[in-house]
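In: Structure for the following, please:
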Amino acid sequence: MNENLKLLTSASGFELERIKTALSDNGIPNDSRPQKRNYSAKAVTGVDNSVQDIFVAADDYDKAYDLCIGIGAIQPEGEVTIVEDDGQAAAPAEEFEEMPHGKRTAVRIVSALLFILLAAAIIFGVDFFTNWIKGFFM
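Out: Numbering: from 1, shown residues only. The predicted model follows:
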């Protein structure tokens, strides 16, 4: 193996093609080599699903690494992704502080009153507008 090449990441299938295309589009030469050959899958499906290591030149490594972070192919160090049952990455959960009971009750009452005032304003506004329009025809 060429000592000038540095391992960027490993991927397979569509993700492999996406990373290689992004690298090529940004002028970063890259090479991929299978970690383990899986001949039977390619013979049956016509697609090589084996996991491949993607290598870039040592001089281009930082640029390639930043590009892969930008397209979501590599997680930045120290960042954890939670994966749901369907294999999709879950959105980071927002942490909320529990609202005290008295404050929650006050917010509910104020919200209900504001809703009633809004509904009344709409009804009175429509009534005023229709009476104003009717005034032209009398």
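
In: where along this protein do the strands fall?
Out: For the chain, the strands defined by DSSP state E occupy 5-11, 30-34, 52-57.

In: what sits against residue 73?
Out: Residues near residue 73 by CB atoms under 8 Å, 6 or more residues apart in numbering: 9, 11, 15, 18-19, 22. For glycine as for every other residue, the C-beta is placed from the backbone atoms N, C-alpha and C.

In: quick check, nearest of these to residue 30?
Out: In terms of CB to CB, no member of these lies closer to residue 30 than residue 19, at 8.1 Å.

In: doesn't residue 30 make contact with residue 20?
Out: Yes: at 5.9 Å, residue 20 and residue 30 qualify as touching, with contact defined as CB atoms under 8 Å.

In: any common contacting residues for the two?
Out: Contact criterion CB under 8 Å, 6+ apart; residues bridging residue 20 and residue 30 by contacting each: residue 54.

In: Against residue 97, how distant is the residue lying closest to residue 99 once chain neighbours are set aside?
Out: Among residues not flanking residue 99 along the chain, residue 107 sits closest, at 7.5 Å (CB to CB, 6 or more residues apart in numbering). Going from residue 107 to residue 97 by CB to CB, to the nearest Å gives 14 Å.

In: neighbour-wise, which of those two wins?
Out: A count of neighbours by other CB atoms under 10 Å puts residue 107 above the other of residue 107 and residue 97, at 11 against 5.

In: you'd agree that one is up against residue 113?
Out: No: Residue 107 lies out of contact with residue 113 (CB under 8 Å); the separation is 11.0 Å.

In: Domains in the chain, by residue range?
Out: Following automatic domain parsing, the chain resolves into domains at 5-70, 97-138.

In: Now for this structure, the helix or strand with the poorest mean pLDDT.
Out: One helix or strand of the chain scores below all others by mean pLDDT, DSSP states H and E: helix 39-45, with a mean of 61.
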